[in-house]
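*Asks:* sequence and predicted structure, then a few things I'm wondering about:
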Amino acid sequence: MPLFKANLKYINVLAAGILFVFLLFNTNSCLSQDTIVNKPKDIWHRFEGGISFTINQLAITHWAAGGESNASGKAMLNFKYTYNRRMFNYVTTGLFAYGAQGFYAQNKRFEKTEDRMEVAMTMTHNNNRNLTFTAITMLKTQFTNGYSYPNDSIPISRFFAPAYLTVSIGYTYNIHNIVSIFFSPSAGKFTFVNDQDLADKGSFGVEAGYWIIVEGDSTWIPGKRFLGELGFNILIKYKQDFKNNISIFSNLNLYNNYMDVNRANRWNIDIDWETGIRFTISKSISTIINVHLIYDDNVRFTINNQQKPILQFKESIGINFLYKFAVDNRK
């Protein structure tokens, strides 16, 4: 109960602050629109995105060097909706990806290789060309159960277990439309574990279930399904296209919970860093090298019979078939 009350207090403070800032800037926007007549070019919508597929296949029969026949693939859908006005920009982005690998030799099995569901909403105030007020809301989760292969009977994650909701307000500094640096001194991170078995184990940082004994009677207290944190958030994005059909992107997300009830954990920084290099062959075909690093102090793995956080690493390379689309609507 004390932990829940502490989290509730931080959530109320964060919600009140976000509401105040939102009302303040929207009031300024409404006042400005009373005196400024929007020109046709000042309001426009744009919806764009892409659908891509990555495939790989390997067949082996009596191969002396060893190996196992397999086929793998990944499907990805991403979109971006932009709504621009004179004073504010609103951007909604989504990334949905699922990949799997199947082994079809003697030991037939199916393993998941990619599972992402991410939606983000960003509001930017057009008060300066390089430095802008920004509010970001981001939700991340997955589609299906996750396993620690070869054990595919006990899930270590599920849909909305975990799910991460981050709400941040701060400022973004843009450098030549190549690099953007967002800093938020007031960022709420909310973790949802919508599976009681995982919650009872204390997965992803929530309070684990426990037994209490009162007058000889044992009572099981279920684990919490929710964890609220308040800290700072830094998001650095880099994207650049080069003349030789090469493009590079890198997104670094840092989060620190400086209000952690356990003071010893207040300097643990969660890291989410993804970098990719795309070699464009044609408008629809490209080769992509992708590296993704994650470190989260609340996500623990069994190492030498001990539960502890470690650096998560994922690398992939493949041939990508892409279809892009874009729709503009100007007023």
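*Replies:* Looks like it came in fine.

*Asks:* and the strands in the stretch 51-200 of the chain?
*Replies:* 70-84, 88-103, 109-125, 131-141, 163-175, 179-192 (DSSP state E, counting those that start in this stretch).

*Asks:* so for the last one, mean pLDDT?
*Replies:* For strand 179-192, mean pLDDT rounds to 96.

*Asks:* what angle do it and strand 131-141 make?
*Replies:* Using axes from the mean of the first three to the mean of the last three Cα atoms, to 10 degrees, the inter-axis angle of strand 179-192 relative to strand 131-141 is 40 degrees.

*Asks:* residue nearest the centroid of this protein?
*Replies:* The residue lying closest to the centre of the chain (Cα atoms, centre = their mean) is K140, at 4.5 Å.

*Asks:* could you list the low-pLDDT ranges of the stretch 101-250 of the chain?
*Replies:* Residues of the stretch 101-250 of the chain that meet the criterion pLDDT under 70 lie in 105-106, 127-128.

*Asks:* out of the strands of the stretch 51-200 of the chain, nearest to R225?
*Replies:* strand 179-192 (6.5 Å; Cβ to Cβ). C-beta: built from backbone N, CA, C; applies to glycine.

*Asks:* and that closest one with strand 109-125, angle?
*Replies:* 120 degrees.

*Asks:* re earlier: ok, the residue nearest to the centre of the chain - contacts?
*Replies:* Shown in contact with K140 (Cβ atoms under 8 Å, 6 or more residues apart in numbering): R116, M117, E118, A163, Y164.

*Asks:* re earlier: got TSV for the strands of the stretch 51-200 of the chain, with distance to D152 too?
*Replies:* Output for the strands of the stretch 51-200 of the chain, formatted as TSV (distance: least, Cβ to Cβ, whole Å):
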stretch	distance to D152
strand 70-84	16
strand 88-103	12
strand 109-125	7
strand 131-141	20
strand 163-175	22
strand 179-192	24
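
*Asks:* out of these, the one nearest Y323 is which?
*Replies:* Comparison of the strands of the stretch 51-200 of the chain against Y323 by Cβ to Cβ identifies strand 70-84 as nearest, at 10.2 Å.

*Asks:* state the mean pLDDT of the closest one.
*Replies:* 94.

*Asks:* any idea how far the lengthiest strand in the chain is from the chain center?
*Replies:* The longest strand of the chain (DSSP state E) is strand 312-330. Distance of strand 312-330 from its chain centroid, counting by Cα atoms, centre = their mean, to the nearest Å, is 16 Å.

*Asks:* then stretch 319-331?
*Replies:* 22 Å.

*Asks:* in it, what counts as buried?
*Replies:* N320, L322 (16 or more other Cβ atoms under 10 Å).

*Asks:* pull the residues that contact it.
*Replies:* So stretch 319-331 is contacted by 40-41, 43-56, 278, 283-288 (Cβ under 8 Å, 6+ apart).

*Asks:* derive a PyMOL selection command for the buried subset of these.
*Replies:* Restricted to buried positions by 16+ other Cβ under 10 Å, the PyMOL selection for these reads:
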select buried, resi 49+52+54+278+286+288
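
*Asks:* among the contacts of stretch 319-331, which ones are in strands?
*Replies:* Going by DSSP E, the strands hold 44-56, 278, 285-288 from the contacts of stretch 319-331.

*Asks:* residues contacting the nearest residue to A59 once chain neighbours are set aside?
*Replies:* Once flanking residues are discounted, A59 sits nearest to S69: 5.0 Å by Cβ to Cβ, 6 or more residues apart in numbering. With contact taken as Cβ under 8 Å, 6+ apart, S69 is in contact with L58, A59, I60, T61, F103, Y104, A105.

*Asks:* for S69, grab phi and psi.
*Replies:* Dihedral pair for S69: phi -60, psi 140, per degrees, to the nearest 10.

*Asks:* distance of it relative to S316?
*Replies:* 20 Å (Cβ to Cβ, to the nearest Å).

*Asks:* ditto for T166
*Replies:* Between T166 and S316 the distance, using Cβ to Cβ, works out to 25 Å.

*Asks:* for the stretch 201-331 of the chain, which segments count as strands?
*Replies:* 210-214, 217-221, 226-242, 246-256, 269-280, 285-295, 301-303, 306-308, 312-330.

*Asks:* wait, which of these is closest to N126?
*Replies:* Nearest to N126 among the strands of the stretch 201-331 of the chain is strand 312-330 (16.9 Å), distances taken as Cβ to Cβ.

*Asks:* now stretch 77-87, how far from the centre of its chain.
*Replies:* Counting by Cα atoms, centre = their mean, stretch 77-87 is centred 19 Å from the centre of its parent chain.

*Asks:* again, but for stretch 211-218
*Replies:* With Cα atoms, centre = their mean, you get 41 Å for stretch 211-218.

*Asks:* quick one: buried residues of that stretch?
*Replies:* Buried, per 16+ other Cβ under 10 Å, within stretch 211-218: nothing.
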